[in-house]
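> Okay, sequence plus prediction incoming.
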Amino acid sequence: MSFILIVDDNFDNRHIIGQMLSFSGFAVELASDAQTALDIARQRRPSLILMDLSMPGLDGWTATEYVKRDPHLHDVPVVAVSGHVTRNDIERAKRAGCNEFLPKPIDYEHLIKIAQRYTRKN
Amino acid sequence: MRFPIRAKLLGTLAIDLLLMMVLGFFATHQMATMNERAVFIERHTIPSLDTVGDMTAAINRYRARQLEFLIYTNNGDRSRILDQMRAIEAEMAGYFRAYRPLVGSDTERIKLDAVEAAWQEVVRTNHERFVPAVRLASDGSVQPFYSRMNPFYDALDRAMAELVRENQQQAQASLEVVAASYDTARTFIMIDTVVAVIISAAIGLFLSARIARRLRRLAHAAGRVSAGDFVGSINERTRDEIGDLARAFDQMLASLRAQRAELEERNRALQASLIRQEQLMEEVIRGKQAEAEAERARAAAEAASQAKSTFVATMSHELRTPLNAILGYAQLLHLNKSVPEPHAVYVDRILASGRHLLALISDVLDFARIEQGALDLEYSHVEVPALVDELVAMTLPLAQRNHNQLIAHCPPDLGTIETDSRRLRQVLINLLGNAAKFTEDGVIRLEAAAEQRHGVDGVRFAVIDTGIGIPREKQPKLFQPFSQLDESVTRRYQGTGLGLALTKQIVQALGGTIEVESDAGIGSTFTVWIPAVPAVKPDSSLPEPHVVGDPV
């Protein structure tokens, strides 16, 4: 069964996104750090990854690069979710391989639109 | 004196030489005189006296023969004695013949003639009276005959003495001449020598004194020159070696003066240029210092600005993080239809306040960026009619919330302008939002038209409402931060208070202008003019922070 993988070191962000997606009927999986997220993705391939960028340990940009270089995961869409919304941040995320940029604070409708767009494709 | 020193010295020598020659000539002449006198004495006086001596001796023998003639009485003796007498007479004739050429004067000749005449008288008396008388008187009384000869012999002796005296006088005269010549010569030689010495000394002293004086002048002048005094000259007019030297010296002096003048001139120029250079150096140094100071100040300002920017960005993020949670959970509650009615209203209030806070944070961030000149503009070609359509679509719900009509007017052929579309949109949305907020049951118009200002092409956007309007006295403060009309308005209409100030800043950053025209109770007209092409394109290579977040 397809699911959306949410990676965020912040408990509130993780839960809010998870609850919003669950409310709209998406199956979600939460990871509090990038390494755990990568482990989960390698075991069970997600239909979409919502990746926080600025995280302690393995950060979101590097994790995205790992995903995009992984032969089994490279076509899984990654949407960056960040409060750092400057042009630099966005470009850096695009360079790392993110398909889309979702600014914080999360707008419910925006989130659902993106989730629908990427999961439908798959 | 117009002769070289060599000539002068040679001249002195010549004078001496001439004097010596005169001396020599004169001495020779005197010598000749003396010699002549000596020769005269030798050739005339001495032989004359010798001859006179011989003659005296012959006369004495003649007298002796007369005495013998008396004594001897035989004829044989007498004839022998007569022969002897005749021999003596011949000898005497020979003496007179020899004497004749030696005669040096008429006086002497007369004296000699007198002697000869006296001798002839003695001889004639002898032969005519004495000899016949003696022959006749054969007895012995012969004494008277001999005595009768005495007067003749006395005359002869007197004549002889006269002749001798004459000779002695002649010799005496010659000696006197010699002595006189010697004296003259000595005097002349002494005078000549003295004169030569005096003349030489005078000329030498004069010349040496003069030369020394001129050389001293030269030396003095040379000393002055070596002491650095180039003024004046020697002005020698004499044409000799020292004169040449002095003139050469004067020329050298003149040339030195000229060179020194030129040197001084160059020195002055050099000094002026040095001073100028120093001034320039000082200016350069001052400039550099000022530059360095400005650079330091700029660096400090940049650092401060960077710090402020970082601080604002960090704060903005730090504020957003909890706000994200608040808004997120509020949205979740809002989604949950099981929340009871009064609480659902509370949730909506939380959401609205949270969004307002978010907007405030965004505005503050923008405002801070604009204030420090860090607003990053992204220029692109913006299709104005399309932009107007889009704005209408976006703000229509907002306008309709207060039952307003939204009318747009834009010539479809207005074309494109080059500007930051997101910032322009932000400005117009802000104005339209304000219009919608402050107008109820009215009309909001958005008009766009091409307009030149100060010869620059541009587009004029006007947002016209029929809202509450702005009192004239409040209008000047309208674009200042936090100048919403009053607290009640703020509470009622909910603005960040930064909106218009931020709008004006953005418009100015885009090179445009914004004006307001309003009457309280009638409505307001905000006019924004944006140039078709940016005056100066910002350097887009600078990676500046840039907000892209859509307002929630």
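Yep, it's here.

> show me what contacts residue B:105?
Residues counted as contacts of residue B:105 (C-beta atoms under 8 Å, 6 or more residues apart in numbering or on different chains) are B:166, B:170. For every residue, glycine as well, the C-beta is placed using N, CA and C.

> go again using 7 Å as the cut-off
Taking C-beta atoms under 7 Å, 6 or more residues apart in numbering or on different chains, we find residue B:105 in contact with residue B:170.

> Which residue ranges of chain A form strands?
According to DSSP state E, chain A carries its strands in the segments A:4-7, A:28-31, A:48-52, A:78-82, A:100-103.

> Identify the residues contacting the fourth one?
In this structure, residues lying in contact with strand A:78-82 by C-beta under 7 Å, 6+ apart are A:8, A:48-54, A:60, A:64, A:67, A:89, A:93, A:97-104, A:114, A:118.

> Kindly recompute the last result at 6 Å.
The contact list for strand A:78-82 (C-beta atoms under 6 Å, 6 or more residues apart in numbering or on different chains) reads A:49-53, A:64, A:67, A:93, A:98-102, A:114.

> now swap in the second one and tell me
Judged by C-beta under 6 Å, 6+ apart, the contacts made with strand A:28-31 from elsewhere in the structure are A:3-7, A:14, A:18, A:21-22, A:37, A:40.

> Can you tell me how far the nearest residue to residue B:519 once chain neighbours are set aside is from residue B:442?
In space, residue B:519 comes closest to residue B:469 once its chain neighbours are excluded; the distance is 5.1 Å by C-beta to C-beta, 6 or more residues apart in numbering or on different chains. For residue B:469, the distance to residue B:442 (C-beta to C-beta, to the nearest Å) stands at 11 Å.

> now do residue B:128
Residue B:128 sits at a distance of 219 Å from residue B:442 (criterion: C-beta to C-beta).

> what about the residue nearest the centre of chain B, which helix or strand?
In chain B, the residue lying closest to the centroid (C-alpha atoms, centre = their mean) is residue B:263, at 2.2 Å. Assigned by DSSP states H and E, residue B:263 belongs to helix B:241-335.

> I'd like to know the average pLDDT value across the helix or strand just after that helix.
Using DSSP H and E, the next helix or strand after helix B:241-335 towards the C-terminus is helix B:341-371. For helix B:341-371, the mean pLDDT works out to 82.

> Please apply the same query to stretch B:136-155.
Averaged across stretch B:136-155, pLDDT comes to 76.

> and if you look at stretch B:55-73?
Stretch B:55-73 comes out at a mean pLDDT of 86.

> Which parts of it count as buried, going by neighbours?
For stretch B:55-73, a neighbour-count test (16 or more other C-beta atoms under 10 Å in any protein chain shown) marks B:55, B:58-59, B:62-63, B:65-66, B:69-70 as buried.

> now, which of these sits nearest chain A?
Lowest distance from chain A to the buried residues of stretch B:55-73 (C-beta to the nearest C-beta) belongs to residue B:55, with 174.7 Å.

> how much space between the residue nearest to residue B:519 and residue B:517?
Using C-beta to C-beta, we find residue B:469 at a distance of 10 Å from residue B:517.
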